[in-house]
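Q: sequence plus the predicted model coming up.
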Amino acid sequence: MIALAFLFLQTGYGAAADDGQSSNPQGAAQFERFAPRGATLNAKVDYTWWDTRTRNLVLSMGPSTRSRVSRPQRTTGSQILWGHTSSYRLEGSRLAFSFLEADIIESFTAYRRDLEQTADQIEITALPRNEQLAYWINLHNVAVAEQIAIHWPVREPATILIDGQPLDTARFLTVNGVKLSPSDIRTRIVYPNWRSPNVIYGFWRGTIGGPSLQREAYNADNVSRLLIFGASEFINSLRGTQRRGDLLLTSEIYEEAAPYYFANFGDDLRAHLARYAERDVAQILERTDQVAATIAVPDIADLAGGMREPSTTPVTINGRPGMRMTPSIARMLQERSTKLRELGRERIGTVRVELSSDSDPANGGEVE
C-alpha cells in the first residue's frame, strides 16, 4: 500500500458521522455529507505520487488546429489498420496505457484506495474549498485511469463493465462509507456545490472527446489555473465546438452539466463559451443561433488506440536511437510532431488566462 502524506497545520479533524443511509445507493441524503462547509481544517493532501505519474505518462497533443485529420494508411502487407484512426486523434492528451506493467497498474489501485481512505482520516468537507475540489477531481481521474488500465486493451472506455455496470456509473469507490461512481463525484458532489462551470474541465473521462488529462495533479494552489487552461483548450478544440450552418454544435458533456450551470441552455452555454473563445470559435458564436450538444468522440485517450499491436520497431529521437514502440504509436507521434511544427509556422496557439468572476483573486483564485 502506498502511504499518503498529510501536512496537518492544526488538529481537530475526524471522519464524518455515518448518516445510516449508505446502504441505499440511490438515496440523495448520503451525498449531502460531502457538501462543503466553512473551512475549519487547515491541511493539505500530498498528491506527489499522482503528479509524478501524470508528468511521466501523459502526453499533450498540443492546441487544436480546428481541422480534421485524414484517415491513416495501412502499413504495407497488412490488412489491419492499427492504432488511432479518428479524425480527432491529434486533440487532447494521451495516457500511455500500453506501456504500463502489472506492478504499475497495481500501484494505481493502491493509490486510489489511499485517496478513498483519506476521508476516514480527515474531514474532507472541513478543508478549504480548493483543497476539497482538488481531492474530488484527483480521485475521479485516478479511479478512471486505474479501471482503464486494468481493462486495457479496450477501444472505448464506455464498454468497460464493473460488476455489470458501465465504468462511469459503477459504484466501485467508497468514500466515508458511501459508495460512489465517477458520475456521482461529478453530478452529486461537485456540480451541485461549485458555481463555476470551469469545474467541468477537471474531470477526465478517458476519451478523446472529453476534457484533457493535465500533466500535473490538481492541488489547492493550481486548481483555478488548470481549470481555466482546460476550459480554453477544450472550448477552442474541434471536439468542443463546431458549426453546421446556423447550428452551434458542442460537446455532449455540456448536456450532463446543463441542470447545474446552463439552465437556459443556449444562452447560458454561449455566454460561458464566449468567455474563452478565440477568433474561430468567436465567429461561430456570432454566426449561429441554435445549439446542439451532439459532438461525441468515444475513442480511448491512449497512445495505442486501445489495441495491442503485435510488433514493435526502434524509434530514432532527435537523431539518437530511442525506445522501441509499435508502428501505430510511432506514426501518431510523427503526426503530432508535424502538427506542432505547422502550428509554429502558421500561428501561435494562445490561451487566455484570467481569473473569471467565478473565482476570488483575493483568495488565491478560489473556485466558487
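A: Good, I have the coordinates.
Q: Phe262 reaches Tyr254, doesn't it?
A: Yes. If you go by C-beta atoms under 8 Å, Phe262 and Tyr254 touch, sitting 6.6 Å apart. C-betas here are computed from N, CA, C, even on glycine.
Q: so what sits against both of these two?
A: Common neighbours of Phe262 and Tyr254, using C-beta atoms under 8 Å, 6 or more residues apart in numbering, are Leu269.
Q: state which helix of the chain is the longest.
A: With secondary structure taken from DSSP state H, the chain has its longest helix at helix 129-151.
Q: packing partners for that one?
A: Secondary-structure packing of helix 129-151 (3 or more C-beta pairs under 8 Å, 6 or more residues apart in numbering; DSSP states H and E): strand 43-45, helix 102-121, strand 173-175, helix 182-184, helix 223-235, strand 366-367.
Q: so which bits of it are buried?
A: Neighbour counts over helix 129-151 (16 or more other C-beta atoms under 10 Å) mark 129-151 as buried.
Q: between that helix and helix 102-121, how big is the angle?
A: Counting by axes from the mean of the first three to the mean of the last three C-alpha atoms, to 10 degrees, helix 129-151 lies at 150 degrees to helix 102-121.
Q: pLDDT on helix 129-151, on average?
A: In this model, helix 129-151 has an average pLDDT of 98.
Q: ok now the helix or strand just after it, how far from the chain's centre?
A: Downstream of helix 129-151, the next assigned helix or strand under DSSP states H and E is strand 161-162. Taking C-alpha atoms, centre = their mean, to the nearest Å, one finds strand 161-162 lying 20 Å from the centre of the chain it belongs to.
Q: now strand 161-162: average pLDDT?
A: When pLDDT is averaged over strand 161-162, the result is 98.
Q: next: stretch 312-323.
A: 74.
Q: now the longest helix of the chain - C-alpha only, PDB.
A: Output of helix 129-151 as PDB, limited to C-alpha atoms (Å, rounded to 0.1, in the frame of the first residue of the first chain):
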ATOM      1  CA  ARG A 129     -12.800  24.700  -0.900                       C
ATOM      2  CA  ASN A 130      -9.900  24.500  -3.300                       C
ATOM      3  CA  GLU A 131      -8.500  21.600  -1.300                       C
ATOM      4  CA  GLN A 132     -11.800  19.800  -1.500                       C
ATOM      5  CA  LEU A 133     -12.200  20.400  -5.200                       C
ATOM      6  CA  ALA A 134      -8.700  19.100  -5.900                       C
ATOM      7  CA  TYR A 135      -9.400  16.000  -3.900                       C
ATOM      8  CA  TRP A 136     -12.600  15.100  -5.800                       C
ATOM      9  CA  ILE A 137     -11.000  15.800  -9.200                       C
ATOM     10  CA  ASN A 138      -7.900  13.700  -8.500                       C
ATOM     11  CA  LEU A 139      -9.900  10.800  -7.000                       C
ATOM     12  CA  HIS A 140     -12.200  10.800 -10.100                       C
ATOM     13  CA  ASN A 141      -9.300  10.900 -12.500                       C
ATOM     14  CA  VAL A 142      -7.100   8.300 -10.700                       C
ATOM     15  CA  ALA A 143     -10.100   5.900 -10.500                       C
ATOM     16  CA  VAL A 144     -10.900   6.300 -14.200                       C
ATOM     17  CA  ALA A 145      -7.300   5.800 -15.100                       C
ATOM     18  CA  GLU A 146      -7.000   2.800 -12.800                       C
ATOM     19  CA  GLN A 147     -10.000   1.000 -14.300                       C
ATOM     20  CA  ILE A 148      -9.000   1.600 -17.900                       C
ATOM     21  CA  ALA A 149      -5.500   0.300 -17.100                       C
ATOM     22  CA  ILE A 150      -7.000  -2.800 -15.600                       C
ATOM     23  CA  HIS A 151      -9.300  -3.500 -18.600                       C
END
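Q: tilt between it and helix 223-235?
A: Angle of helix 129-151 versus helix 223-235, following the same axes, to 10 degrees, is 50 degrees.
Q: just how off-centre is helix 129-151 within its chain?
A: Counting by C-alpha atoms, centre = their mean, helix 129-151 is centred 9 Å from the centre of its parent chain.
Q: for the protein, just list every one of the helices.
A: Under DSSP H, the chain gives helices at 29-32, 48-57, 102-121, 129-151, 182-184, 191-193, 223-235, 253-261, 265-276, 279-287, 327-346.
Q: near Thr48, how many other residues are there?
A: Applying other C-beta atoms under 10 Å, we find 11 residues neighbouring Thr48.
Q: pLDDT at it, what is it?
A: Per-residue pLDDT puts Thr48 at 97.
Q: could you do Phe203 as well?
A: At Phe203, pLDDT is 98.
Q: do Ala28 as well
A: Ala28 is assigned a pLDDT of 78 by the prediction.
Q: list the contacts of it.
A: Listed by C-beta under 8 Å, 6+ apart, the contact set of Ala28 reads Arg188.
Q: same thing with the one 10 residues further on?
A: Contact partners of Gly38, counting by C-beta under 8 Å, 6+ apart, are Ala126.
Q: distance of it from Gln132?
A: Distance of Gly38 to Gln132, computed by C-beta to C-beta, to the nearest Å: 12 Å.
Q: can I assume Glu146 is in contact with Ile105?
A: Yes. At 7.5 Å, Glu146 counts as touching Ile105 under the criterion of C-beta under 8 Å.
Q: so which of the helices of the chain gets nearest Thr174?
A: Closest of those to Thr174 is helix 102-121, at 5.6 Å (criterion: C-beta to C-beta).
Q: fine, thanks again, bye for now.
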